[in-house]
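> got a sequence here, can you build the structure:
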Amino acid sequence: MNQNAAGSNPNEMGEGTKSFTIGDLAREFGVTLRTLRFYEDRGLLSPRRDGTARIYDARDRERLSVILKGKQLGFTLTEIRAMLAEERSASGPAMNLRLSLDQVEDQIRHLEQQKLEIEEALKELRARRASLAVAA
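Numbers count the residues shown, from 1 in each chain. Okay, the predicted model is just below:
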């Protein structure tokens, strides 16, 4: 879809405004349709409906970008929702994943702890694999 509104198309949302289908956003961001519906169910995205079709606007597209960046950085959807809520109250046209120094430090500690736990699990699994290979 990715349309510039200027005609009489019902999916066009206003002068110069772009709209996107669920498929448009899924392809652009490399996520599944189910992922987008899940984010909608969780109140993170709010497309308008045209019959059964979901029509996303530029704001939803920006929010999706922030959600995915937050997920990439290891934040939970609850944490991302709080960040998006703060973003709504901020003065500025563009959304961004605004993080405080404390949030960054906490997330670094959290991810480092997860990394240690993963490395320990891998070490144990490799040891089990080696003992199973010897027994075979």
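
> the chain: strands as residue ranges?
Along the chain, counting by DSSP state E, strands occupy 3-4, 18-21, 48-50, 53-57.

> just so I know, which of those strands lies nearest Ala121?
Of all the strands of the chain, the one in closest proximity to Ala121, counting by CB to CB, is strand 53-57 (38.5 Å). All C-beta spots, glycine's among them, are computed from the backbone N, C-alpha and C.

> what residues does the closest residue to Arg42 other than its chain neighbours make contact with?
Closest residue to Arg42 apart from its sequence neighbours, by CB to CB, 6 or more residues apart in numbering: Leu77 at 5.9 Å. With contact taken as CB atoms under 8 Å, 6 or more residues apart in numbering, Leu77 is in contact with Tyr39, Arg42, Leu44, Ile67, Lys71.

> returning to what we had before: in TSV, list the strands of the chain along with mean pLDDT, distance to Phe29 and mean neighbour count.
Shown next, in TSV, are the strands of the chain (pLDDT from 0 to 100; distance: least, CB to CB, whole Å; neighbours: other CB atoms under 10 Å):
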stretch	mean pLDDT	distance to Phe29	mean neighbour count
strand 3-4	44	18	14
strand 18-21	94	10	21
strand 48-50	94	19	11
strand 53-57	95	11	19
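
> distance to Arg34 added to those, as CSV?
Formatted as CSV, the strands of the chain follow (distance: least, CB to CB, whole Å):
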stretch, distance to Arg34
strand 3-4, 25
strand 18-21, 15
strand 48-50, 18
strand 53-57, 13
